[in-house]
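1. quick one, what's the 3D model for this:
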Amino acid sequence: MPRKPNFELLARSGYAARGIVFLLVAGLALLSGVAGGKADTKSAVSTLLEQPFGRVWVGLIGLGLLGFVAWRLAQSLADSDGHGTDRKAIVIRAAMLGSAITYLGLAGYALGHAIGGAGGSEGSGEKGLAQWVMSQPFGSYIAILIGIGFIVGGVVTSAKGLTRKFEKYLRLPDAKGVVGMVCIYGLVARGVVFAITGVLFAYAGFTVDPEQAGSISEALSWLRQLPFGSILYVVVAVGLAAFGIYNLVEARYRIVRGPSVGDVKRALPV
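-> A predicted model of the protein is given here:
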C-alpha cells in the first residue's frame, strides 16, 4: 500500500514538536543552574507560553505532539517499523505505547494552556503518575516496576545511540559526520536522564512516597549532587539539546511508513 502523505506529515510534525520541547528543556536546564527554576517538559511549555504569540506556538506544539502520539501508536500497535512479534519486539513496542501515553498528556497540557491561556508551571507528570499508581492496589510494587521500565528504557535509548542503530531508520546524507555524532550524544544523554528518572520512581515506590518521584529537573538535580556534579549537569543538559536536534533530524530524514489494515493484522501477537 502506498505511503500516506497526511500520516507522514503527522509523524514529521510530531518529531519537530518534540525537538523544540527538548531544546527548551535544555535551555531551561542551563539557565536554572544560574537563576534557579525547573527544567522539565511542562515548564518548557509554560515558558514558551509567556513569550510573544506564546499561545499560538504552544498550540502548534500541542498539535504537533498529537501527531507524534499517532506515530507512536502506529509503531506500537501496527508495528510500522517492522520490529515483529517476538519477546524483544513486544517490549520495544510496549515502550512506544507508553511513550504515546506520556506525550498525549503533554499534548493535552499544551493545548489546554493554549486555549485557556493559563500560565505557570505545574507539578511534574511523574509525581502525578506516582500518586495515582500508589493509590491503586499493590501500587508501590507497580511503581517499582514502572521505575525498572524507565531504567531499561534509558539503557536501550543510550545503546541505540552508541550502537548507531538509529541510523537504519534515517536517510542521513552523512551519517558518519557531525550530525550523526550529535544524534549519538543526544540519545545517550536522554538515556541517562531516563534511567535516573526510573531510579527515582522506583525509590518512590520503595518508600511509598510519590514525592520522591522525579522529572527531568529532579534527575538533573540528582546528577549535580555527584562528584564533579556541576560538570555532569552541564554535559547532560547540553546532551538534551542534542536530543532536541536529533528529533529535528528525524523530522527531516526519518523513514516513515503509514500503517495499513494488513499491517495491523500482521503486527498483533496471536
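2. host element of the residue nearest the centre of the chain?
-> Taking Cα atoms, centre = their mean, the centroid of the chain lies closest to Ser99, which sits 6.6 Å from it. Here Ser99 sits within helix 87-116, counting by DSSP states H and E.
3. pull out the buried positions in that helix.
-> For helix 87-116, the neighbour count (16 or more other Cβ atoms under 10 Å) marks 89, 92-93, 95-96, 98-100, 102-107, 109-111, 113-114 as buried. C-beta: built from backbone N, CA, C; applies to glycine.
4. and that helix, what does it pack against?
-> If you count contacts as 3 or more Cβ pairs under 8 Å, 6 or more residues apart in numbering; DSSP states H and E, helix 87-116 packs onto helix 5-35, helix 41-49, helix 54-77, helix 125-134, helix 139-162.
5. most packed of these?
-> helix 41-49 (a mean of 24; mean count of other Cβ atoms under 10 Å).
6. just the angle between that one and helix 54-77, please?
-> Per axes from the mean of the first three to the mean of the last three Cα atoms, to 10 degrees, the angle that helix 41-49 makes with helix 54-77 is 150 degrees.
7. which elements pack onto helix 41-49?
-> Packed against helix 41-49 by the contact rule (3+ Cβ pairs under 8 Å, 6+ apart) you find helix 5-35, helix 54-77, helix 87-116.
8. how about 10 Å then?
-> Contacts defined by 3 or more Cβ pairs under 10 Å, 6 or more residues apart in numbering; DSSP states H and E place helix 41-49 against helix 5-35, helix 54-77, helix 87-116, helix 216-224.
9. quick check: mean pLDDT of it?
-> Averaged across helix 41-49, pLDDT comes to 77.
10. distance from that helix to the middle of the chain?
-> 15 Å (Cα atoms, centre = their mean, to the nearest Å).
11. nearest to Arg254, out of the helices and strands packed on helix 41-49?
-> Set against Arg254 and scored by Cβ to Cβ, these come closest in helix 5-35, at 6.3 Å.
12. and the closest one, what's its mean pLDDT?
-> 82.
13. okay, the angle between it and helix 54-77?
-> 120 degrees.
14. between helix 5-35 and helix 87-116, how big is the angle?
-> For helix 5-35 against helix 87-116, the angle by the same axes, to 10 degrees is 80 degrees.
15. report the inter-axis angle for helix 5-35 versus helix 216-224.
-> Going by the same axes, to 10 degrees, helix 5-35 makes 50 degrees with helix 216-224.
16. distance from helix 5-35 to the middle of the chain?
-> 9 Å.
17. please tell me how far Leu170 sits from Tyr203.
-> 36 Å (Cβ to Cβ, to the nearest Å).
18. and the residue nearest to Tyr169 when sequence neighbours are not counted, how many neighbours?
-> Spatially, and ignoring its direct neighbours in sequence, Tyr169 is nearest to Ile255 (5.4 Å; Cβ to Cβ, 6 or more residues apart in numbering). Residues lying near Ile255 (other Cβ atoms under 10 Å) number 14.
19. same question, Val179
-> Neighbour count for Val179, taken as other Cβ under 10 Å: 18.
20. can you tell me the element it falls in?
-> helix 178-207.
21. that helix - contacts with which helices or strands?
-> helix 5-35, helix 125-134, helix 139-162, helix 216-224, helix 229-253.
22. same list (those) but as a markdown table, adding distance to Pro210.
-> A markdown table is the format used below for the helices and strands packed on helix 178-207 (distance: least, Cβ to Cβ, whole Å):
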| stretch | distance to Pro210 |
| --- | --- |
| helix 5-35 | 22 |
| helix 125-134 | 4 |
| helix 139-162 | 8 |
| helix 216-224 | 12 |
| helix 229-253 | 24 |
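23. nearest to Ala44, out of these?
-> With Cβ to Cβ, the closest approach to Ala44 among those belongs to helix 5-35: 3.6 Å.
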